[in-house]
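>>> got a predicted structure plus its sequence, pasted below:
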Amino acid sequence: MTRVTVLLGGLSNEREVSLSSGREICPALREAGFDVTPLDPGPDLGTLVAALTASRPDVVFNALHGRFGEDGCIQGVLDWMGIPYTHSGLRASAMAMDKAAGKAAFAAAGLPVAPHRLLDASELAVADPFPVPYVVKPVREGSSVGVHILRDRDNRRAEIAATWNWGEIIAEPFIPGRELTVAVMGDRPLEVTEIATGHEFYDYDAKYADGGSRHTLPAPVPAIVRARAMEVALAAHNALGCRGITRSDFRWDDSRPGAEGLFILEVNTQPGMTPTSLVPEQAAFLGISFPELCAWMVRHARHDGMTRDEAARHDRRGAIRDAA
């Protein structure tokens, strides 16, 4: 039986989301026939390495979100230890977590991105980086942590700057219209979901609170927009060098013709696996149960030192163990 250690919780601002994801993943993997051990990493890296060395799992299911779990840090540790893990590797994870680096990769691949500017809080305190409305957000956080939209007659800029504690800021014009998202599973975009919320935008509470958002699947968009969103999601996944499961987020300005108003915002390399999460919802829409989804992720786990032959043997061993 394949031994899987599920990393959950962790140190980031998204700890509670990670715990919620882990609570769903552990029983699903057990239902799929895996030997599962949850592990909540604390601040002592040596303790984490010792725990993984002692248990020596066949695969680590990385259910961590945010800093130290989604940004390449834990991926580097697992690469060093030679333990296959779910989701993307170190480089892709680090680039996706850094919104400026991600945008650079998307632009180089010819994908539609909004203009942006990097600045610190002292610069924001002095002047608007763009004409209103515009968005400011941390360069290296997820789950909409620290995101603000500043609109006409909005007097919060000085307050936001004075209380900012997220490091470097990325600012970009606000794109009106609708929120869309596409999951990618390996080399396959799944579907397009439209997200609606009564909040000002798709913020942390809208993402994770019961009733915080409404998901329409498939999204009620023209066929050309659906096809373009799925094409761009897969291209962005590949541009970053991602593997496993990702989710690409878009804004679509539906006042513009065709797919001209579609812009990719970012790629999430560790999408949520909570009861309100979008990737399990898209998979279920295509007939893939949650245990099947989690098992697929385990079978496609890698570390960055694996050759193609080793990866193929890993896949075969996983299939044999899952059938046993």
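Sure, I can see it.
>>> okay, now residue 126: neighbour count?
Summarising burial for residue 126: neighbours were counted as other CB atoms under 10 Å, giving 11. C-beta coordinates here come from the backbone N, C-alpha and C atoms, glycine included.
>>> tell me the contacts of it?
Neighbouring residues of residue 126 by CB atoms under 8 Å, 6 or more residues apart in numbering: there are none.
>>> how much space separates it from residue 15?
Distance, residue 126 to residue 15, by CB to CB, to the nearest Å: 34 Å.
>>> before we move on, what about residue 196?
Counting by CB to CB, the gap from residue 196 to residue 15 is 27 Å.
>>> the two: who's more crowded?
Counted by other CB under 10 Å, residue 196 and residue 15 do not tie: residue 15 has more neighbours, with 17 against 13.
>>> ok, the closest residue to that one other than its chain neighbours - contacts?
Using CB to CB, 6 or more residues apart in numbering and skipping residues adjacent in sequence, the residue nearest residue 15 is residue 9, 5.5 Å away. For residue 9, the contact set (CB under 8 Å, 6+ apart) comprises 15, 18-19, 22, 40-41, 64.
>>> so where's this structure uncertain?
Judged by pLDDT under 70, the chain has its weakly predicted residues at 142-143, 198-212, 307-324.
>>> any chance you could map the helices in it?
Here the chain has its helices, by DSSP state H, at 15-31, 45-55, 73-81, 90-97, 99-108, 121-126, 157-163, 204-208, 223-240, 278-285, 290-299, 308-323.
>>> redo those helices as a markdown table? Include distance to residue 192.
Rendered in a markdown table, the data for those read as follows (distance: least, CB to CB, whole Å):
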| stretch | distance to residue 192 |
| --- | --- |
| helix 15-31 | 22 |
| helix 45-55 | 38 |
| helix 73-81 | 28 |
| helix 90-97 | 20 |
| helix 99-108 | 18 |
| helix 121-126 | 34 |
| helix 157-163 | 32 |
| helix 204-208 | 18 |
| helix 223-240 | 5 |
| helix 278-285 | 9 |
| helix 290-299 | 18 |
| helix 308-323 | 29 |
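>>> so which of the ones you listed is nearest residue 183?
Closest to residue 183 of the helices of the chain is helix 278-285 (CB to CB; 4.5 Å).
>>> for the closest one, packing partners?
Where contact means 3 or more CB pairs under 8 Å, 6 or more residues apart in numbering; DSSP states H and E, helix 278-285 is packed against strand 178-185, strand 188-196, strand 245-252, helix 290-299.
>>> so which bits of the last one are buried?
This means helix 290-299. 290-291, 293-299 (16 or more other CB atoms under 10 Å).
>>> contacting residues around stretch 280-300?
By CB under 8 Å, 6+ apart, stretch 280-300 touches 2, 4, 24-25, 28-29, 31-34, 59, 61, 86-87, 182-183, 185-186, 190-191, 193, 215, 217-218, 243-245, 273, 279, 315, 318-319, 322.
>>> returning to that earlier point: in a markdown table: the contacts of residue 9, plus distance to residue 155.
Shown next, in a markdown table, are those (distance: CB to CB, whole Å):
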| residue | distance to residue 155 |
| --- | --- |
| 15 | 33 |
| 18 | 35 |
| 19 | 37 |
| 22 | 41 |
| 40 | 42 |
| 41 | 41 |
| 64 | 37 |
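>>> of all the residues you listed, which comes closest to residue 150?
Nearest to residue 150 among the contacts of residue 9, counting by CB to CB, is residue 15 at 28.2 Å.
>>> quick one: contacts for that closest one?
Taking CB under 8 Å, 6+ apart as the test, what residue 15 contacts is 9, 65-66.
>>> so residue 251 bridges to which residues?
residue 179, residue 263 (DSSP bridges).
>>> so it touches residue 179, yeah?
Yes - counting by CB atoms under 8 Å, residue 179 is a contact partner of residue 251 at 6.4 Å.
>>> next, count neighbours for residue 231.
Residues near residue 231, counting by other CB under 10 Å, number 14.
>>> going forward, count from 5.
All set: I'll call the first residue 5, so the last point we hit is now residue 235.
>>> residues in contact with it?
Residue 235 makes contact with residue 193, according to CB under 8 Å, 6+ apart.
>>> so it versus residue 188, what's the distance?
11 Å.
>>> please apply the same query to residue 112.
Distance, residue 112 to residue 188, by CB to CB: 19 Å.
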